[in-house]
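A.B. asks: Okay, sequence plus prediction incoming.
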Amino acid sequence: MTELVMIKDISQHVGETVKIGAWLADKSGKGKLQFLQLRDGTAFFQAVVFKPNFVEIYGEDEGSAKFDEIKHLGQETSVYVIGVVKEDERSKFGYELDVTNVEVIGTSQEFPITPKEHGTDFLLDHRHLWLRSKRQMAIMQIRNAVIYASYKFFQENGFIKFDSPILTGNAAENTTELFETDYFDNPAFLSQSGQLYLEAGAMALGRVFDFGPVFRAEKSKTRRHLTEFWMMDAEYPFVTHEESLDIQEAYVKEMIQSVLDNAAYALEVLERDTTKLQKYVITPFMRVSYDEVIDILNAHHGEDDANYELLKHGDDFGSPHETWISNYYGVPTFVVNYPASFKAFYMLPVPGNSERVLCADLLAPEGYGEIIGGSARETDYDLLRKKIIDFGLDPKDYDWYLDLRKFGSVPHAGFGLGLERMVTFIAGTDHIREAIPFPRMINRIKP
Ligand code: 4AD
Ligand code: MG
């Protein structure tokens, strides 16, 4: 282990001399003082260099020379900074460092992302450097807290991690959004969701989950869509659709609570309204049917904030509908029993109503929209095979998936959570592109 102290842990070292490895995010000064804004990836805080202290430690000549060197350090110079930790109410972080030495490790000049405002394209072109900004650090810390909470939730609730392949021979969701690639002269696709493989896993191991990158050739340019994103799928046998919603609700609540507990600094940096997050943890989520939602949308149509098109029962929601609904209830809301016509082939029909399926989208509040898609799965071999054909798919591609209905088929259900959608919602940010280190969108594959 290194002797270096991480900035996030600085409160445990008040009064001590510590060494920090950091980058110079910004600096200002007047007269005998230099204020260094340091960042080490865990947090930002201020180090103060006072010239008379340097003169006292190093003598007049060397002390002055060192002070002048610090004055001319460029943004993003990497440094070891040694100093004494002081509690300081004026500093936003609550602590400061009284610097006794600065060792330059790597110089830096004209860092392109200055503390002023920059346009989105410029920032995305410099994503490899933009990641160093305070806001981006905070979002990545929240992403990490969400991932950690996911693994913890599943491991503690009897789920086994079951990795699904990324190269596949069949579409899991919508065939119009498949990335195709050449696989030794045969077509293959990048996975859209691990679900179908997880169903095989559930029949072998019981409760299973996966967590990995998935791909959708989404032509839509919205603040909610990426072409490469991370999905957490879970699947469980002997579980009803209602019980499946209970699992999802417990999971989402635990993730929010875990971020509140473990990423408080990041939430503060982002100025997230945490009272709202706390409310979502303690309030039961809403559960409403697709048909009720259509009626509510149409009843409010034309009101000031309801600028969306009227819908008929059977129509899919557009982005404006989803945004409005997700504001309306004020808590995460499961919209259940959508029309079979625009949902995937594997969903189980609502008993007595073959036009609706036992599925749910979980809509996050505050206009964030869908964060989870899930359903109960068709268990009957013949009905599933017919659905595959009706959806224009070739049952030969799904023979292995159909087998799961031949050998001890059981009721089962599952869901998939979009990690970046969840992070965007918890972090309270505007656009999904900031929720993943290197976003892939319709017009962007670099850096
Ligand atoms: O609703 P989706 O398409 O559901 C499935 O893929 C199921 N097979 C999951 C399952 O039952 N195991 O996708 C699941 C979630 C969505 O709710 C959304 O959060 C996210 O994945 N998602 C996207 N996130 C970012 N960019 C995109 N283009 C996304 N498409 C879906
Ligand atoms: Mg969906």
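C.D. replies: Nice, thanks for sending it over. Residues are numbered from 1 along each chain as shown. Ligands and ions are numbered 1, 2, ... in the order given.
A.B. asks: how about stretch 316-323: buried residues?
C.D. replies: Buried residues in stretch 316-323, counted by 16 or more other Cβ atoms under 10 Å: 317, 321, 322, 323. Yep, even glycine has a C-beta here, placed from its N, CA and C like the rest.
A.B. asks: Residue 18 in helix, strand or coil?
C.D. replies: strand (DSSP: H, G, I helix; E, B strand; the rest coil).
A.B. asks: That one pairs with what?
C.D. replies: residue 83 (DSSP bridges).
A.B. asks: Tell me which residues touch it, please.
C.D. replies: 5, 10, 82, 83, 84, 85, 97 (Cβ atoms under 8 Å, 6 or more residues apart in numbering).
A.B. asks: Give me the pLDDT for it.
C.D. replies: In this model, residue 18 is scored at 98, pLDDT.
A.B. asks: what does residue 2 give?
C.D. replies: 66.
A.B. asks: Around ligand 1, pick out the residues from the stretch 251-400 of the chain.
C.D. replies: 370, 371, 372, 373, 374 (Cβ under 6 Å from any ligand atom).
A.B. asks: Would it be right to say that the second one lies in a strand?
C.D. replies: The one in question is residue 371. Yes - looking at residue 371 with three-state DSSP, it is inside a strand.
A.B. asks: what's the distance between it and residue 421?
C.D. replies: For residue 371, the distance to residue 421 equals 4 Å [Cβ to Cβ, to the nearest Å].
A.B. asks: cool, and the fourth one?
C.D. replies: The gap separating residue 373 from residue 421 is 10 Å, by Cβ to Cβ.
A.B. asks: which SSE is the residue of the stretch 1-150 of the chain found nearest ligand 1 in?
C.D. replies: Across the stretch 1-150 of the chain, the shortest distance to ligand 1 (Cβ to the nearest ligand atom) belongs to residue 146, at 12.3 Å. Take DSSP states H and E as the rule and residue 146 turns out to sit in helix 134-156.
A.B. asks: Flag every buried residue along that helix.
C.D. replies: Buried positions in helix 134-156, judged by neighbour count with 16+ other Cβ under 10 Å: 134, 136-143, 145-147, 149-150, 153-154.
A.B. asks: So what's the gap between stretch 110-124 and the chain middle?
C.D. replies: 23 Å (Cα atoms, centre = their mean, to the nearest Å).
A.B. asks: Start the count at 3 instead of 1 going forward.
C.D. replies: All right, first residue 3 from here; so that's stretch 112-126.
A.B. asks: Need the CA coordinates for the helix or strand bottoming out on mean pLDDT in the chain. PDB is fine.
C.D. replies: When the helices and strands of the chain are compared on mean pLDDT, DSSP states H and E, helix 321-330 comes out lowest with a mean of 91. Once non-C-alpha atoms are left out, helix 321-330 reads as follows in PDB (Å, rounded to 0.1, in the frame of the first residue of the first chain):
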ATOM      1  CA  SER A 321     -40.900  10.200 -25.500                       C
ATOM      2  CA  PRO A 322     -43.200  13.200 -24.500                       C
ATOM      3  CA  HIS A 323     -45.800  10.800 -23.100                       C
ATOM      4  CA  GLU A 324     -43.300   9.000 -21.100                       C
ATOM      5  CA  THR A 325     -41.800  12.200 -19.700                       C
ATOM      6  CA  TRP A 326     -45.200  13.500 -18.700                       C
ATOM      7  CA  ILE A 327     -46.300  10.300 -17.000                       C
ATOM      8  CA  SER A 328     -43.100  10.000 -15.200                       C
ATOM      9  CA  ASN A 329     -43.600  13.500 -13.800                       C
ATOM     10  CA  TYR A 330     -47.300  12.900 -13.000                       C
END
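A.B. asks: can you list the domain ranges for the chain.
C.D. replies: Domain segmentation of the chain under automatic domain parsing yields 9-108, 129-437.
A.B. asks: Where do the helices of this structure begin and end?
C.D. replies: 53-60, 62-73, 122-127, 129-132, 136-158, 197-207, 243-264, 266-271, 276-284, 292-302, 321-330, 383-392, 401-405, 421-429 (DSSP state H).
A.B. asks: And the contacts of the third one?
C.D. replies: In this structure, residues lying in contact with helix 122-127 by Cβ under 8 Å, 6+ apart are 114, 115, 132, 435, 441, 446, 448, 449.
A.B. asks: With respect to residue 207, which of those residues is nearest?
C.D. replies: In terms of Cβ to Cβ, no member of the contacts of helix 122-127 lies closer to residue 207 than residue 441, at 33.4 Å.
A.B. asks: need the contact list for that closest one.
C.D. replies: Contacts of residue 441 (Cβ under 8 Å, 6+ apart): 126, 129, 228, 434, 435.
A.B. asks: What are the phi and psi values at it?
C.D. replies: Backbone geometry at residue 441, expressed as degrees, to the nearest 10, gives phi -70, psi 140.
A.B. asks: Against residue 125, how distant is it?
C.D. replies: Separation of residue 441 from residue 125 (Cβ to Cβ) stands at 11 Å.
A.B. asks: Likewise for residue 55?
C.D. replies: Distance of residue 55 to residue 125, computed by Cβ to Cβ: 38 Å.
A.B. asks: Next: residue 103.
C.D. replies: 34 Å.
A.B. asks: for residue 370, same thing?
C.D. replies: Residue 370 is 22 Å from residue 125, by Cβ to Cβ.
A.B. asks: neighbour-wise, which of these two wins?
C.D. replies: Under the criterion of other Cβ atoms under 10 Å, the comparison of residue 370 against residue 125 puts residue 370 first, with 23 against 18.
A.B. asks: What is the burial count for the spatially closest residue to that one that is not a sequence neighbour?
C.D. replies: Among residues not flanking residue 370 along the chain, residue 427 sits closest, at 4.2 Å (Cβ to Cβ, 6 or more residues apart in numbering). Residue 427 is flanked by 26 other residues according to other Cβ under 10 Å.
A.B. asks: Verify the stated contact: residue 427 with residue 372.
C.D. replies: No - the criterion here is Cβ atoms under 8 Å, and residue 427 misses it with residue 372 at 10.3 Å.
A.B. asks: joint contacts of these two?
C.D. replies: Here residue 427 and residue 372 have residue 366 as joint contacts, going by Cβ under 8 Å, 6+ apart.
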